Structures are given as structure tokens and as C-alpha cells.
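**Q** okay, here's the prediction I keep looking at, along with the sequence it came from:
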Amino acid sequence: MKAENASTLKICGYNSGQHVYYDVENVDEPIRISMNLSKKAVSRLWEIKIVQVPFSQRAPVGCLQYYQGKTGVIQTMNFADNGRHLTNQDYEVCIRQEDGVCNIVYEPCHENAFRISPNNGVDHSTDGDIGSGFGSISEGREMETCDDKITLPCDSDDLIMMGNQGVGYCKMVHCGNSLCPNGETPCRIESSATPFVIGVYFGPSAREESPEDNLGMCLTYEQLPCSM
């Protein structure tokens with residue numbers, strides 16, 4: 001998908017039920033959706049619903065996906081039993097904070113619902129990134145070596161790194177084969193950091209020798225009422 005003065009969006013694979021918000025505020029030319037198909041003899045099917053959203057109802061700035069409601073399911077693109085998460089992904093998934101809600105809980109959809117590329121042993125850490133989950137390198141270092149990762153806002157003053165302003169300004173990094181530290185089960189992450197945002201950052205390639213570790217992410221979320 002491409003339009004003048006707007007970013008180019010590329011997706012492929014199985015994406016039934018997915019949605020994206022494509023900002024065309026400053027676009028005067030037609031928006032073009034191109035289908036680039038390989039010559040392989042495989043079945044293809046698509047049906048795309050396009051809705052022009054009034055300015056007052058658009059998603060917050062920077063949100064490629066915007067979920068509404070107290071509960072829901074969030075998946076990375078091409079999430080399927082035999083799928084692989086896409087490369088070159090850099091976007092945010094946002095969830096509208098409903099009335100009377102203060103916290104949100106994230107849980108994997110099932111035991112194999114979080115498979116985001118094992119670590120590559122190269123340090124790609126940035127200031128303000130803190131690790132969670134587990135991978136294939138020694139404890140305490142694995143999250144610093146993620147080419148592909150999911151981020152959630154920090155939810156504790158203890159996790160705020162030097163130079164950050166407060167809760168929510170740093171990012172908890174998640175990659176490997178579990179959303180939770182050390183593969184804890186049942187896996188459940190609760191946060192009060194607002195806005196409710198999940199960052200998706202996938203690099204240019206995935207490990208060919210471990211395709212089962214590149215499925216992507218499926219999470220359920222539930223917004224919790226504020227304590228009285």
C-alpha cells in the first residue's frame with residue numbers, strides 16, 4: 001500500500017481478521033494497493049474492507065493498529081500454526097483505555113503463542129530497554145541480543161533507567177519462546193502504564209534453521225477496573 005507523502009505498508013501471508021490504520025491526512029493523490037504475487041502455484045484469496053475514518057475517530061498518532069473494548073486478541077501479521085512472523089516490521093499496537101479502567105493484563109493465547117526468534121548472540125541493546133522472557137543465551141543477557149522483539153511500557157519506578165522521565169518511558173523487551181521471565185507458567189503480565197501500547201520490532205531476516213521459533217505473537221488482553 002502506497003500513497004504520496006505517506007509511508008509504504010507491506011504485509012503478506014495469512015492475516016484474516018487483521019486491521020491497519022493508514023494515515024492519509026496529507027495525501028492528495030490516490031492510494032494504491034498493489035498485489036505482488038510470485039509464480040508459485042499456491043492458492044490465494046483476499047477480501048479487503050476499506051473504510052474512510054473521520055478525523056475525530058482516527059487512531060492515535062503512531063498507531064498502526066488500534067483496538068477498542070475491554071477484552072480482545074492481538075496477533076502479529078501472518079500468525080498461524082505454520083506461519084512465520086514478517087520481517088522489517090516497526091510499528092505500535094495501541095489499545096484504547098476504556099472508562100473506569102486503570103490496568104491491563106496480557107496473556108499468550110496458548111502455550112505456543114509467543115515464538116519470536118531466538119537470540120543471535122550480538123548485543124543490540126539500547127538505553128531504556130530491559131529484558132524479560134527467555135532465549136538461548138545466559139540469564140540476564142538474552143534480551144539484549146534480540147533482533148526481533150516485542151516491547152511493553154515499564155510499570156515500576158524500579159525499572160526506570162537513567163535519563164528517562166517516569167513510568168512508561170522505558171520499554172520492557174520480550175523475545176525468545178516466552179512472554180514471561182524464565183518461561184513462567186501460567187504467563188500473565190499486568191500493567192498500569194498508559195497509554196496501553198505494544199511495540200513490534202522485527203528485523204530484516206529470521207533464522208532459517210529454527211522456523212518454529214519465528215511464529216510471532218498472539219496475546220489476549222483484558223482491561224481491569226480501578227480499585228475503589
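**A** That came through fine.
**Q** before we move on, what SS does the residue lying closest to Q75 once chain neighbours are set aside have?
**A** With C-beta to C-beta, 6 or more residues apart in numbering as the criterion, Q75 has its nearest non-adjacent residue at 4.7 Å, and that residue is C218. Glycine gets a C-beta too; all of them are placed from N, C-alpha and C. Under DSSP: H, G, I helix; E, B strand; the rest coil, C218 falls in the strand class.
**Q** got a list of what C218 touches?
**A** Neighbouring residues of C218 by C-beta atoms under 8 Å, 6 or more residues apart in numbering: 73-76, 79, 108-110, 113-114.
**Q** helices and strands of the protein: which one has the lowest mean pLDDT?
**A** strand 129-134 (a mean of 41; mean pLDDT, DSSP states H and E).
**Q** can you give me the strands for the chain?
**A** 63-67, 71-75, 89-95, 101-108, 114-115, 129-134, 149-153, 171-176, 189-191, 196-202, 216-225 (DSSP state E).
**Q** other residues contacting the fifth one?
**A** If you take C-beta under 8 Å, 6+ apart as the criterion, strand 114-115 is touched by 108, 133, 174, 177-179, 187, 212-219.
**Q** narrow those residues to just the buried residues.
**A** Neighbour counting over the contacts of strand 114-115 (16 or more other C-beta atoms under 10 Å) leaves 108, 133, 174, 177-179, 187, 213-219 as the buried ones.
**Q** returning to what we had before: buried subset of the contacts of C218?
**A** 74-76, 79, 108, 113-114.
**Q** got those residues as CSV, with pLDDT and distance to Q65 columns?
**A** Shown next, in CSV, are the buried ones among the contacts of C218 (pLDDT from 0 to 100; distance: C-beta to C-beta, whole Å):
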residue, pLDDT, distance to Q65
I74, 98, 8
Q75, 97, 10
T76, 96, 10
F79, 93, 13
P108, 94, 18
A113, 92, 17
F114, 93, 18
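**Q** good, we can wrap up now.
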